[in-house]
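Participant: Predicted coordinates and the sequence they were generated for:
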Amino acid sequence: MQSVLFVCTGNICRSPTAEGAFRALLETNGLSEAVIVDSAGTGSWHVGEPPDARASEAALRRGIDIAEQRARQVQVEDFDRFDLVLAMDEGHYQQLQRLCPDDQRHRLRLFLDFAPALGTRDVPDPYYGGPDGFETVLDMIEAASAGLLAEIRANKP
């Protein structure tokens, strides 16, 4: 069984959207039992809170329900628990590098590295923008989710 953790700042916009989108993709492909999916934030500001309403609404328009998720903060133990810890942007990646034990560095990656055709490595933070930002983020997340699924399938024993 594979396991993936998506990480953003507060675990209320990007990472819960990625968790929901990837979980939906796994279900569509009959792999929901083969991969454990979770999300977390680098900060503790929103621990216990649901995703941002705008993120939930944008996801729901695409048939992805993230409303039941609750924010949590990433922990050192997550590097033992998850095969992949995927940062939403370079800032998160740097924060996670400081938290990550040296022998677990191979687990840490940028999520958009699974969608090189997008031409960027950072999922932009839609929190302070308008609703279009959440749609753009979903487009990017869906592209990277497809690439992640392809890699998981290619590396399956």
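Facilitator: Looks like it came in fine.
Participant: CA atoms for contacts and neighbours, from now on please.
Facilitator: Fine.
Participant: now the protein, which segments are flagged as low pLDDT?
Facilitator: 157 (pLDDT under 70).
Participant: Determine the longest helix present in it.
Facilitator: The longest helix of the chain (DSSP state H) is helix 131-154.
Participant: Could you list the buried residues of that helix?
Facilitator: Under the neighbour-count criterion of 16 or more other Cα atoms under 10 Å, helix 131-154 has 133-135, 137-138, 140-149 buried.
Participant: Report the distance from it to the chain centre.
Facilitator: 9 Å (Cα atoms, centre = their mean, to the nearest Å).
Participant: now do stretch 35-45
Facilitator: That offset, for stretch 35-45, works out to 8 Å (Cα atoms, centre = their mean).
Participant: ok, residues contacting it?
Facilitator: The contact list for stretch 35-45 (Cα atoms under 8 Å, 6 or more residues apart in numbering) reads 1-12, 15-16, 18-19, 22-23, 26, 71-74, 92, 95-96.
Participant: Count residues in the vicinity of the closest residue to Thr42 other than its chain neighbours, would you?
Facilitator: Once flanking residues are discounted, Thr42 sits nearest to Thr9: 5.0 Å by Cα to Cα, 6 or more residues apart in numbering. Look at Thr9: counted by other Cα atoms under 10 Å, it has 24 neighbours.
Participant: Excluding chain neighbours, what is closest to Ser145?
Facilitator: Ser145 sits nearest to Phe22 (Cα to Cα, 6+ apart), 5.6 Å away.
Participant: Distance of the one you found relative to Thr28?
Facilitator: Distance, Phe22 to Thr28, by Cα to Cα, to the nearest Å: 10 Å.
Participant: Between these two, which is the more surrounded one?
Facilitator: Phe22 (26 against 10).
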